[in-house]
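Visitor: I would like to see how this sequence folds:
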Amino acid sequence: MNEVKRTPDKAFDGVPDYDFEPHWFEWEGLRLHYLDEGEGPPVVLFHGEPTWSFLYRKVIPELTSAGYRAIAPDYFGFGKSDKPTDPDAYSYDLHTQAMAALLTDLGVQGACAVVQDWGGPIGLRLAVEQGPMFSSLSILNTGLFTGGRISDGFMRWRKFVESSEDLPVRFIMERSMNTPWGDDVLDAYAAPFPDRSYKEGAHRFPLFVPMSQDDVGADVMLKVKDQLESWQHPTQVLFSTADPVFVPKVGERFVERIPGATELELVANAGHFLQEDQGQEVGRRVVAFLQSHS
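Guide: Residues are numbered from 1 along each chain as shown. Here you go, the predicted model:
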């Protein structure tokens with residue numbers, strides 16, 4: 001493995017509404033950051049690309065005040081976690097293994113996995129592979145990439161990443177706004193990436209989405225998809241109304257596929273990052289779901 005970058009702590013000065021205690025987990029020579037707030041039944045919050053646990057800062061207080069334990073990791077390459085500069089350090093398998101190792105170390109059992117964007121392929125795979133680790137799902141704006149047809153919105157995103165020498169994270173997040181976020185919030189999403197050398201993970205994630213059934217990861221995601229068809233545990237499917245990539249129809253397919261799923265819930269006035277546009281509402285909806293089957 002080549003050089004590993006670690007974002008200086010000062011880069012996170014001024015990050016708003018993120019007064020959470022940092023926690024650290026060492027794995028395969030790398031340091032992973034995660035949040036661990038509250039006490040009670042565990043809820044694991046899986047972020048996507050190019051975000052980090054900051055995305056869940058509005059959701060976490062809703063969970064903890066309702067008596068739940070909120071765990072929000074930063075994948076390697078994101079947030080406060082270490083960022084290898086070697087492109088080969090990033091893969092679907094590696095990130096899933098790292099999350100499994102963290103949650104095993106924390107002794108997580110019977111958790112709810114809240115998944116969004118790339119958190120879907122990672123968190124849903126863990127749910128079906130890790131037995132008693134997860135007992136419910138809350139699925140937000142995500143999908144499984146099995147090498148079949150991919151939306152035009154995602155293909156535009158992928159081409160943009162491929163053509164970018166230095167991924168403009170702040171610009172990407174600004175273009176994703178459905179409600180005004182404020183400069184301090186946009187700066188917070190860019191904070192983990194002081195320069196291009198910190199961005200290899202952000203560049204790689206969209207590119208290891210399998211484009212055909214022969215691509216790496218397609219067979220694994222197909223197995224996850226098949227296993228979800230026998231998932232009897234409680235499942236919430238919560239999508240926003242204004243995501244150009246994961247439209248409500250994608251959510252409807254999750255509801256049709258998963259036996260334990262309730263009807264599709266929609267969050268208005270929210271785009272792809274519904275946790276940012278309507279974070280408190282998302283938190284309240286997840287709590288209501290958890291309480292409905294407790």
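
Visitor: wait, residue 279 sits on residue 57?
Guide: Yes - Residue 279 is in contact with residue 57 according to Cβ atoms under 8 Å; the separation is 7.2 Å. To be clear about C-beta, it is placed using only N, CA and C from the backbone, and glycine gets the same treatment.

Visitor: how about the strands in the stretch 151-294 of the chain?
Guide: Taking DSSP state E, counting those that start in this stretch, the strands of the stretch 151-294 of the chain run over residues 235-240, 265-267.

Visitor: Mean neighbour count, those strands: which tops it?
Guide: Neighbour counts (mean count of other Cβ atoms under 10 Å) averaged over each of those peak at strand 235-240, with a mean of 25.

Visitor: and the gap between residue 153 and residue 143?
Guide: 11 Å (Cβ to Cβ, to the nearest Å).

Visitor: What of residue 24?
Guide: Distance, residue 24 to residue 143, using Cβ to Cβ: 31 Å.

Visitor: Could you check which of the two has the larger neighbour count?
Guide: Neighbours per residue, other Cβ atoms under 10 Å: of residue 24 and residue 143, the larger number sits with residue 143, 22 against 10.

Visitor: Is it correct that the more buried one is in contact with residue 252?
Guide: No - contact between residue 143 and residue 252 fails when scored by Cβ under 8 Å: they sit 11.9 Å apart.

Visitor: In the stretch 1-150 of the chain, where is pLDDT below threshold?
Guide: Applying pLDDT under 70 to the stretch 1-150 of the chain flags the ranges 1.

Visitor: ranges for the helices of the stretch 1-150 of the chain?
Guide: 59-65, 92-105, 119-129 (DSSP state H, counting those that start in this stretch).

Visitor: can I get the strands of the stretch 151-294 of the chain in JSON lines with distance to residue 72?
Guide: JSON lines is the format used below for these (distance: least, Cβ to Cβ, whole Å):
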{"stretch": "strand 235-240", "distance to residue 72": "17"}
{"stretch": "strand 265-267", "distance to residue 72": "19"}
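
Visitor: closest to residue 165 out of the ones you listed?
Guide: Closest of the strands of the stretch 151-294 of the chain to residue 165 is strand 235-240, at 30.7 Å (criterion: Cβ to Cβ).

Visitor: Tell me the helices and strands packed up against that closest one.
Guide: With contacts defined as 3 or more Cβ pairs under 8 Å, 6 or more residues apart in numbering; DSSP states H and E, the secondary structure elements packing on strand 235-240 are strand 134-140, helix 248-257, strand 265-267, helix 274-277, helix 279-292.

Visitor: Tell me the strands beside the shortest one, with direction?
Guide: Sheet partners assigned to strand 265-267 using DSSP bridges are listed as strand 235-240 (parallel).

Visitor: and for the strand it pairs with, what are the contacting residues?
Guide: Under the contact criterion Cβ atoms under 8 Å, 6 or more residues apart in numbering, strand 235-240 has outside partners 136-141, 178, 246-248, 250-251, 254-255, 258, 260-262, 264-268, 270-272, 274, 277-278, 282, 285-286, 289.

Visitor: before we move on, what about stretch 176-193?
Guide: Residues contacting stretch 176-193 (Cβ under 8 Å, 6+ apart): 7, 11-12, 14-16, 18, 50-52, 54, 74, 78-80, 83, 167, 169-170, 173-174, 198-199, 202, 240, 242, 269-273, 276-278.

Visitor: repeat for stretch 287-294
Guide: Contacts of stretch 287-294 (Cβ under 8 Å, 6+ apart): 41, 43, 62-63, 66, 68, 112, 136, 138, 234, 236, 238, 262.

Visitor: Residue 153 is in contact with residue 244, isn't it?
Guide: Yes - using Cβ under 8 Å, residue 153 is in contact with residue 244, at 4.0 Å.
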